[in-house]
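K.L.:
Provide a 3D model corresponding to the input given below.
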Amino acid sequence: MFPSLAWLHYCNDCQRGQRLTRRTFAATRAPQVNGGPLVDLLGLPYPELLQRLAAYDERLPKYRARQLWQALYREGIASLAEVTTLPVSLRSTLASKFQARSCAVKTAQVSALDQTTKFLVHLGTPQLGKNAHQDSQQSVEAVLIPEGARQTLCVSSQIGCSLACTFCHTGTQRLLRNLSAAEIVGQVMLALEHCREFPIIPNQQRRLKNIVFMGQGEPLYNYRQVRPAIQVLTDPDGLAFRPDRITVSTSGVAPLIPKLATDLGITLAVSLHAVNDALRDKLVPLNRTYPLAVLLKACESFAKHASPRNSRITFEYVMLKGVNDSLGEAATLARLVSHLPAHINLIQFECSPVAQIEAFAQTLKSKNVYTSVRWSKGQDILAACGQLRSNELLKGAATAS
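P.N.:
Predicted coordinates:
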């Protein structure tokens, strides 16, 4: 069974639980039309939704598209049968061509340490008889991180990753495929359902405030799908996430970095992790294609075109004991970003001492660099940043500096 996130809250209510179970399987049942898959409505920006419906039936009034859009993103429907603003006959005919949602939660693990929740999200239709390897090609992880009264959702953009960063568990998994815009937005819809945010009321405070593209995959290697997904997430007549509440983290795909400002107006994070090319070549192999000088030039362009609200760039820096955590490297890092509106986010690694992390941070702050430390969450359920691997795998990298 692949229970919906709402099921986790209401499973003790028999009647409501039965309705939610039916709803989940309505959203994930093998959808076929004339032998082919149904078209996902989720993840289509509103202009494209209009085009798809017009191509399906040019006689369909435009206001029907608006009703469908509102049902998808304000009501959070999982099946076209739930769109009560549409006539039953129209729901039936649309269901022969389109589907509202194809993602469902397979498992949910809650950290006993900090209540971080890791979801294994099944993409598309569950199929019986699949082995674990085949099933992994249709599953991806999303992590819901509590921050006081707020929640941050970490979403994935690919299944696996092609970058092979030394310290990242995801980097050990080969890239299987890109996620579609529908599958990216689907992770957010499931999290909103889990947080009981539906129906969404404009200007009402919500628990789920932030979305970060820091899960599996390199978002800018799937920009063709990430872009429409973010357009859907930020549409003011839909889910209405503020652009400055959405962060795309990249390992350094320099040519596309300025587009995050000009196309989407969102916030940028860069996985830096080293202050020289020799070390970064080993930790983040993408650096061999886009070295630090090229990467920082792209960051300058982003800052130039970003709005004042979004212009500050977060540089993520995983603290690796004896590899990149010396105070001399802290001073070099401060010089490296001195010409940028930078925020250095130091990320705790399991073997870098807390005292060293704090001293590194203090060195940066003494040079007027805005600095914070991200203490890892969800470590007991392997939900921490990048699902980082043991420092044993970093042997030899230290000599690069």
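
K.L.:
which stretches of the stretch 151-300 of the chain form strands?
P.N.:
Taking DSSP state E, counting those that start in this stretch to define them, one finds strands in the stretch 151-300 of the chain at 158-159, 177-178, 208-213, 246-250, 267-271.

K.L.:
which one of those strands lies closest to Val373?
P.N.:
strand 267-271 (15.1 Å; C-beta to C-beta). (Each C-beta comes from the backbone N, C-alpha and C, glycine too.)

K.L.:
who are the packing partners of that closest one?
P.N.:
The contact analysis (3 or more C-beta pairs under 8 Å, 6 or more residues apart in numbering; DSSP states H and E) places strand 267-271 against strand 246-250, helix 292-305, strand 313-318.

K.L.:
make CSV out of these and add distance to Val337 and mean pLDDT.
P.N.:
CSV is the format used below for these (distance: least, C-beta to C-beta, whole Å; pLDDT from 0 to 100):
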stretch, distance to Val337, mean pLDDT
strand 246-250, 16, 98
helix 292-305, 8, 98
strand 313-318, 6, 98
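
K.L.:
among those, which comes closest to Pro87?
P.N.:
Using C-beta to C-beta and comparing the helices and strands packed on strand 267-271, the one that lies nearest Pro87 is strand 246-250, at 35.6 Å.

K.L.:
same for the closest one, what does it pack against?
P.N.:
For strand 246-250, the helices and strands in contact under the criterion 3+ C-beta pairs under 8 Å, 6+ apart are strand 208-213, helix 223-234, strand 267-271, strand 313-318.

K.L.:
quick one, phi/psi of the residue most central in space within the chain?
P.N.:
Centrality entry for the chain: nearest residue to the mean C-alpha point is Val155, 2.2 Å, by C-alpha atoms, centre = their mean. Note on Val155: backbone dihedrals following degrees, to the nearest 10 are phi -110, psi 160.

K.L.:
not counting sequence-adjacent ones, nearest residue to it?
P.N.:
Closest residue in space to Val155, ignoring its immediate chain neighbours: Gln187 at 4.7 Å, by C-beta to C-beta, 6 or more residues apart in numbering.

K.L.:
same thing with Leu80?
P.N.:
Ala95 (4.6 Å).

K.L.:
just the pLDDT for the one you found.
P.N.:
Predicted confidence (pLDDT) at Ala95: the value is 96.

K.L.:
roughly how far does it sit from Val88?
P.N.:
Using C-beta to C-beta, to the nearest Å, one obtains 11 Å as the distance from Ala95 to Val88.

K.L.:
please say which of the two ends up with more neighbours.
P.N.:
Using other C-beta atoms under 10 Å as the criterion, Ala95 and Val88 rank with Ala95 on top: 18 against 10.

K.L.:
from what I can see that one touches Ile77, true?
P.N.:
No: applying C-beta atoms under 8 Å, one finds Ala95 not in contact with Ile77, separated by 11.9 Å.

K.L.:
who's in contact with stretch 356-363?
P.N.:
Residues external to stretch 356-363 that are found in contact with it (C-beta atoms under 8 Å, 6 or more residues apart in numbering): 319, 321, 325, 327, 329-331, 334, 346, 348, 371-373.

K.L.:
got the CA positions of it in CSV?
P.N.:
Output of stretch 356-363 as CSV, limited to C-alpha atoms (Å, rounded to 0.1, in the frame of the first residue of the first chain):
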residue,chain,number,x,y,z
GLN,A,356,36.7,23.8,15.0
ILE,A,357,33.5,24.6,13.2
GLU,A,358,32.8,27.4,15.7
ALA,A,359,36.4,28.8,15.3
PHE,A,360,36.0,28.7,11.5
ALA,A,361,32.7,30.6,11.8
GLN,A,362,34.2,33.2,14.1
THR,A,363,37.1,33.8,11.7
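
K.L.:
can you list the buried residues in it?
P.N.:
For stretch 356-363, the buried set under the neighbour-count rule, 16 or more other C-beta atoms under 10 Å, comprises Ile357, Phe360, Ala361, Thr363.

K.L.:
what's the average pLDDT for it?
P.N.:
In this model, stretch 356-363 carries a mean pLDDT of 97.

K.L.:
show me this structure divided up by domain.
P.N.:
For the chain, whose domains are defined here by automatic domain parsing, the residue ranges read 31-99, 103-400.

K.L.:
any chance of CSV for the strands of the stretch 151-300 of the chain, columns mean neighbour count and distance to Leu72?
P.N.:
Supplementary listing: the strands of the stretch 151-300 of the chain in CSV, determined by neighbours: other C-beta atoms under 10 Å; distance: least, C-beta to C-beta, whole Å:
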stretch, mean neighbour count, distance to Leu72
strand 158-159, 24, 24
strand 177-178, 16, 22
strand 208-213, 20, 17
strand 246-250, 23, 19
strand 267-271, 24, 25
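
K.L.:
could you dump the ones you listed to TSV with distance to Pro47?
P.N.:
TSV is the format used below for the strands of the stretch 151-300 of the chain (distance: least, C-beta to C-beta, whole Å):
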stretch	distance to Pro47
strand 158-159	26
strand 177-178	22
strand 208-213	22
strand 246-250	20
strand 267-271	24
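
K.L.:
which of those sits closest to Pro258?
P.N.:
Comparing the strands of the stretch 151-300 of the chain by their distance to Pro258 (C-beta to C-beta), the top pick is strand 267-271, with 9.6 Å.

K.L.:
parallel or antiparallel, list what pairs with the closest one.
P.N.:
In the sheet containing strand 267-271, the strands it pairs with under DSSP bridges are strand 246-250 (parallel), strand 313-318 (parallel).
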